[in-house]
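K.L.:
Next input, structure requested:
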Amino acid sequence: MVKSATMSKVAKIHQGKQPVRRHYLVEWMEAKNMTAPDLLAVLNDPERSMDLPEIDKSQVYRWMKGQMPQASAQIRIAGALGFEDDPEKLFQDPTMDWLAAFFRDKTEEQKEKAIQMLKLWFSEDKTGTDG
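P.N.:
Here you go, the predicted model:
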């Protein structure tokens, strides 16, 4: 008789591993008009602390294909992209950045009006045959 794995065992197996998240490295690089060699040059700046290891160009390309950078590399990447104070931006779509900034200083009433207008603007036209 085969016993199935319990969730507690699964949690222990993955303990200490980074959760799977999507990063927006490529999109941020495009938004900043940055190429892979540009990013690599900033990350491997000769003026960087000698505590920081050099990053291989193949690693940058693996990140661009979706591999998750280690936490220490995420901080370096955020600095290279110009948001060292907010490394979590790496996990936010840069096309949505303007929207967050737009709403930041608005009142709740202004936000609600804008949301209503967006819902109206993007509502699907009903044909009458499907509801």
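
K.L.:
quick one: residue 91 and residue 23 touch, right?
P.N.:
Yes - the pair residue 91 / residue 23 is scored as a contact, 5.6 Å apart, by C-beta atoms under 8 Å. Where C-beta positions appear, they are placed from N, C-alpha and C, glycine not excepted.

K.L.:
Who has more neighbours out of those two?
P.N.:
Higher neighbour count among residue 91 and residue 23: residue 23, with 18 against 13, using other C-beta atoms under 10 Å.

K.L.:
Can you say which helix or strand has the more buried one in it?
P.N.:
For residue 23, there is no helix or strand it lies in under DSSP states H and E.

K.L.:
Could you find the closest non-adjacent residue to it?
P.N.:
Excluding the flanking residues, the one nearest residue 23 by C-beta to C-beta, 6 or more residues apart in numbering is residue 90, at 5.1 Å.

K.L.:
Now do the same for that neighbour: helix, strand or coil?
P.N.:
At residue 90 the chain is in helix, as set by DSSP: H, G, I helix; E, B strand; the rest coil.

K.L.:
Pretty sure it sits against residue 28.
P.N.:
Yes - taking contacts as C-beta under 8 Å, residue 90 lies within contact range of residue 28: 6.8 Å.

K.L.:
intersection of neighbour lists for these two?
P.N.:
Among the neighbours of residue 90, those also in contact with residue 28 (C-beta atoms under 8 Å, 6 or more residues apart in numbering) are residue 81.

K.L.:
ok so, going back, enumerate every residue touching the residue nearest to residue 23.
P.N.:
23-25, 28, 74, 77-78, 81.

K.L.:
So, low pLDDT: which residues of the protein?
P.N.:
Where the chain drops to pLDDT under 70, the residues are 1-20, 124-131.

K.L.:
Relative to residue 37, how far out is the residue nearest the centre of it?
P.N.:
Among the residues of the chain, the one closest to the centroid is residue 91, at 1.6 Å (C-alpha atoms, centre = their mean). Distance, residue 91 to residue 37, by C-beta to C-beta, to the nearest Å: 24 Å.

K.L.:
again, but for residue 86
P.N.:
From residue 86 to residue 37 the distance is 25 Å (C-beta to C-beta).
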